[in-house]
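[1] Model the following, please.
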Amino acid sequence: MQVGLYSPRSALLEQQRTAIEEFNQAACLDLTLHCFDNYRELSQGITNLPLDILFYDTEESRELESQLMRVFQTLPNCRLVLLSDSERHAVFGYAVRAAGYLTLPLDNEDFLSALILLLRERLQAKEQFLPVKVNGVWSQLNMRHITYLESSGHS
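    This is a model prediction of the structure:
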């Protein structure tokens, strides 16, 4: 499972990374972690990564709405959790149908609980999906609908 962390605050990003790596090792999971410390890096990264879960720090974002719309357009099936110290972002998270909202300073137990909830949701899904990139947008193919699959030159 692909998990992304975005935060321009290096201390917060490190806290999240450490918590997930320790949890991943202790629980013997196969999570792949991707960390982004600026929006440009995130924007470039999501075009190549089919993230399942993204923890998104809303700090200092004057263009929060347009940035999140780009994320949703590129990763329509990604579950988003907003991290913020502003209550107005909680309302925004509800409007964009975020899977969760965590207040800062971040409590590691709350953070891991949110992650576990989303992992459980993905793992208990009755159907399995294959991430594919079509016209620059990550989509999910239902594995039950695939009868034959062929690759041609990494496509």
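[2] List the contacts of the nearest residue in space to residue 74 that is not next to it in sequence.
    Take residue 74 and drop its neighbours on the chain: the residue closest to it by Cβ to Cβ, 6 or more residues apart in numbering is residue 46, 5.0 Å away. C-beta: built from backbone N, CA, C; applies to glycine. Residues in contact with residue 46 (Cβ atoms under 8 Å, 6 or more residues apart in numbering) are 4, 71, 74-75, 138.
[3] just the residues you listed now: which is nearest residue 82?
    Distance to residue 82 across those (Cβ to Cβ) is lowest for residue 71, with 11.1 Å.
[4] Report the distance from the host helix or strand of that closest one to the chain centre.
    Residue 71 belongs to helix 64-74 when assigned by DSSP states H and E. Taking Cα atoms, centre = their mean, to the nearest Å, one finds the center of helix 64-74 at 12 Å from the center of the full chain.
[5] Equivalent analysis for stretch 56-63, please.
    Relative to the centre of its chain, stretch 56-63 is centred 15 Å away, using Cα atoms, centre = their mean.
[6] Go through that stretch and flag the buried ones.
    56-59, 61 (16 or more other Cβ atoms under 10 Å).
[7] which of these sit farthest apart?
    Maximum distance among those (Cβ to Cβ): 10.0 Å, for 56 and 59.
[8] shaky segments in the protein?
    Across the chain, the ranges flagged by pLDDT under 70 are 60-61, 126, 154-155.
[9] can we see that at 90?
    In the predicted model of the chain, residues 1, 26-30, 45-50, 58-78, 84-98, 120-155 satisfy pLDDT under 90.
[10] what number of residues lie near residue 141?
    Neighbourhood size, residue 141 [other Cβ atoms under 10 Å]: 14.
[11] Residue 84 reaches residue 103, doesn't it?
    Yes: counting by Cβ atoms under 8 Å, residue 103 is a contact partner of residue 84 at 6.9 Å.
[12] what about these two, which has more around it?
    Applying other Cβ under 10 Å to residue 84 and residue 103 shows that residue 84 carries more neighbours, namely 20 against 15.
[13] check contacts around the more buried one.
    Counting by Cβ under 8 Å, 6+ apart, residue 84 makes contact with 57-59, 90, 93, 101-104.
[14] what's the answer for residue 47, then?
    Counting by Cβ under 8 Å, 6+ apart, residue 47 has contacts 74, 136.
[15] Distance check, it against residue 62.
    Plainly put, residue 47 is 23 Å away from residue 62 if you go by Cβ to Cβ, to the nearest Å.
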